[in-house]
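Visitor: quick one, fold the following:
(one chain, ligands or ions: 2)
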Amino acid sequence: MSKNIKISLTPVDEALATLLGQATELNNHETLSLIDAQGRILAEDKKALIFQPPVDNSAMDGYAVNTQDVSSNQPFTLLPIQQRIAAGDAAQALVPGTAARIFTGAMVPAGADAVVMQEQCEEHEGGVGIPQGIKISQNIRFKGEDFKEGQTLISKGSLLRPMELGLLAAMGFSKVCVSRPLKVMVLSTGDELVEPGESLSTGQIYNSNRYTLAGLLKAMGCEYLDGGIIEDDFDITKQRLLSAAQQADVVITSGGVSVGEEDHVKNALEEIGQLTLWKLAIKPGKPLAYGEIHNADLKTPFFGLPGNPAAVLVTFAILVRPYLLKMLGATELAPSMVVGKAGFERTKPSIRREYLRARLEVDDANVSVITTYPSQSSGMLRSASWANGFAIVDANQTVAAGDLLSFIPFQALTGSH
Ligand code: AMP
Ligand code: MG
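Guide: Ligands and ions are numbered 1, 2, ... in the order given. Reported below is the predicted structural model:
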């Protein structure tokens, strides 16, 4: 008689909610110059110190005038040129009945209410011919039109991209307070593992997970700590995890977390800390374990990722990365998604949500089409390198060609967000 094995897999969304509920912001900050702050998470709300533009200024090279001085009965009104205002000059008030030569970014003089493009004007010896039909406010960028002093423009928890760095500079800041990088230690379990560069004996493979994880961590601005390889031994696993927990803010292992006799990570965690999550409805990545390592007063978050390379990539992207971002104080935690049309079929539904290594490409008809790597075996390394993202197929879902699917582009994981 076959045993009735109870399969209870935690759905991905439920697991993520548990994880984010437990992730606590470290509140470990440092102040950096703007140049060094790219990719960091802002630790404070930023209010503008000034108005932008600070004064009304010209959006064009041309002439500043008062529209009341321009006749509507004749094609051009000749106005004498009373002053020349370049960007950076302090303008004097416009004398009524005159025009001021003005350049892009230069202060609009008091008394002027429009700027006329030089291409539309006629230059004469005695002044400038201003065409009729000038509209009040045309070609003027008004004080505070972009932002006003005291306005909060960038909130705590924002990722600092080049766009925010420019805005911060325009707001008047040379420095910003940001989260310090998280220290994350990566340990690889497995007696079969050998570091690349060494020679392989029969039965051995190169440790690839370490390099994938180091890259993923560095891409999100974490400090990667190398915890080496742990032998498949229960006591050694416990010792190594305890010591890792003293050195890092978060500890990540790969491998040894399933149900085989050589899988010691989950049992070790239960003895030296607490296991909160194990076995998720995610494919690949089912055996993922999450909990805490307890060492004296320290409670260090711990992720035991599966050993298969594709499972490492998926579980990191979907579960670990949002957790780490929350610890950094970030407000946007999920990787950004787009939608594409399935260029493939999937007739057999899975009870787990699948993250397929896939390519999203725009076809000749301008449609984003998703194709999948032929083998989705979680041991395959080439599939992820071929792919440019994950196509998501929900638990119990089948896919027909043309169905719309969510897709997570790898850029979200390989650049700074
Ligand atoms: P495990 O969960 O330890 O049984 O590992 C599952 C599969 O992943 C096995 O085929 C392992 O050899 C492989 N694996 C485990 N760790 C690594 C690693 N660091 N690099 C590459 N493959 C690994
Ligand atoms: Mg193993």
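
Visitor: for the closest residue to ligand 2 within the stretch 251-400 of the chain, give me its contacts.
Guide: Nearest residue of the stretch 251-400 of the chain to ligand 2 (C-beta to the ion) works out as Gly255 at 4.0 Å. In short, each C-beta sits where N, CA and C put it, glycine included. Going by C-beta atoms under 8 Å, 6 or more residues apart in numbering, Gly255 touches 188-190, 209, 263, 265, 305-307.

Visitor: same thing with Leu333?
Guide: Leu333 is in contact with 20, 322, 325-326, counting by C-beta under 8 Å, 6+ apart.

Visitor: name the nearest residue to Thr24, sequence neighbours excluded.
Guide: Met327 (6.8 Å; C-beta to C-beta, 6 or more residues apart in numbering).

Visitor: least confident secondary structure element in the protein?
Guide: Least confident helix or strand, the chain: helix 411-414 with a mean of 92, by mean pLDDT, DSSP states H and E.

Visitor: pretty sure Lys299 is touching Thr276, no?
Guide: No. Taking contacts as C-beta atoms under 8 Å, Lys299 lies outside contact range of Thr276: 11.4 Å.

Visitor: mutual contacts of the two, please.
Guide: Applying C-beta under 8 Å, 6+ apart, one finds that Lys299 and Thr276 are jointly contacted by Glu292.

Visitor: and the closest residue to Ile272 other than its chain neighbours, what element?
Guide: Leaving aside its sequence neighbours, Ile272 sits nearest to Lys238 (C-beta to C-beta, 6+ apart; 5.2 Å). Counting by DSSP states H and E, the element that carries Lys238 is helix 234-247.

Visitor: and the contacts of Leu333 as CSV, adding secondary structure?
Guide: As requested, those are exported to CSV (DSSP: H, G, I helix; E, B strand; the rest coil):
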residue, secondary structure
Leu20, helix
Pro322, helix
Leu325, helix
Lys326, helix
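
Visitor: scan those and report the most crowded one.
Guide: Leu325 (25 neighbours; other C-beta atoms under 10 Å).

Visitor: which residues does it contact?
Guide: 41, 220, 332-333.

Visitor: and the pLDDT for the residue nearest to Ile272?
Guide: With respect to pLDDT, Lys238 scores 98.

Visitor: find the nearest non-adjacent residue to Ala248, please.
Guide: That would be Met185: by C-beta to C-beta, 6+ apart, it lies 3.8 Å from Ala248.

Visitor: buried ones in stretch 186-201?
Guide: Of all the residues in stretch 186-201, those buried under the rule 16 or more other C-beta atoms under 10 Å are 186-190, 192-193.

Visitor: contact partners of that stretch?
Guide: 203-211, 213-214, 217, 224-232, 237, 240-241, 244, 251-256, 262, 264-265, 307.

Visitor: go again with 7 Å.
Guide: For stretch 186-201, contacts defined as C-beta atoms under 7 Å, 6 or more residues apart in numbering pick out 203-207, 209-210, 213-214, 224, 226-232, 237, 240, 244, 252-256, 265, 307.

Visitor: also stretch 392-405?
Guide: 11, 281, 339-347, 349-356, 370, 391, 406.

Visitor: one more pass at 8 Å, please.
Guide: 11, 281, 337, 339-356, 370, 391, 406-408.

Visitor: and for stretch 235-251?
Guide: With C-beta under 8 Å, 6+ apart as the criterion, stretch 235-251 contacts 26, 182-185, 187, 189, 225, 227, 230-231, 253, 256, 264-265, 268-269, 271-273, 293-295, 298, 300-303, 323-324, 327.

Visitor: so of the contacts of stretch 186-201, which ones are in strands?
Guide: 205-206, 224, 226-230, 252-254 (DSSP state E).

Visitor: taking the stretch 101-250 of the chain, what residue is nearest to ligand 1?
Guide: Of all residues in the stretch 101-250 of the chain, Asn209 sits closest to ligand 1, at 3.4 Å by C-beta to the nearest ligand atom.

Visitor: tally of neighbours for that residue?
Guide: By other C-beta under 10 Å, the residues close to Asn209 number 27.

Visitor: in contact with it, which residues?
Guide: 188, 254-255, 305, 307, 309, 312.

Visitor: pLDDT added to those, as JSON lines?
Guide: Below are the contacts of Asn209 laid out as JSON lines (pLDDT from 0 to 100):
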{"residue": "Ser188", "pLDDT": "98"}
{"residue": "Ser254", "pLDDT": "98"}
{"residue": "Gly255", "pLDDT": "98"}
{"residue": "Leu305", "pLDDT": "98"}
{"residue": "Gly307", "pLDDT": "98"}
{"residue": "Pro309", "pLDDT": "98"}
{"residue": "Val312", "pLDDT": "98"}
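
Visitor: emit the ChimeraX select command for whichever of these are buried.
Guide: Buried residues among the contacts of Asn209 (16+ other C-beta under 10 Å), as a ChimeraX selection:
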select :188,254,255,305,307,309,312
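
Visitor: now, which of the contacts of Asn209 lie close to ligand 1?
Guide: 188, 254-255, 307, 309 (C-beta under 6 Å from any ligand atom).

Visitor: closest to Leu159 among those?
Guide: Nearest to Leu159 among those is Ser254, at 26.6 Å by C-beta to C-beta.

Visitor: so what's that closest one up against?
Guide: 186-189, 209-210, 213, 305-307, 312.

Visitor: can you pick out the ones from those that are in helices?
Guide: Among the contacts of Ser254, the members found in helices (DSSP state H) are 209-210, 213, 312.

Visitor: taking the residues you listed together, which two end up most distant?
Guide: Taking C-beta to C-beta as the measure, these have their most distant pair in Arg210 and Val312, spaced 9.6 Å apart.

Visitor: point me to the residue of the chain nearest ligand 1.
Guide: Gly307 (2.3 Å).

Visitor: gap between the closest residue to that residue other than its chain neighbours and His29?
Guide: Excluding the flanking residues, the one nearest Gly307 by C-beta to C-beta, 6+ apart is Gly255, at 3.1 Å. The span separating Gly255 from His29 equals 35 Å under the rule C-beta to C-beta, to the nearest Å.
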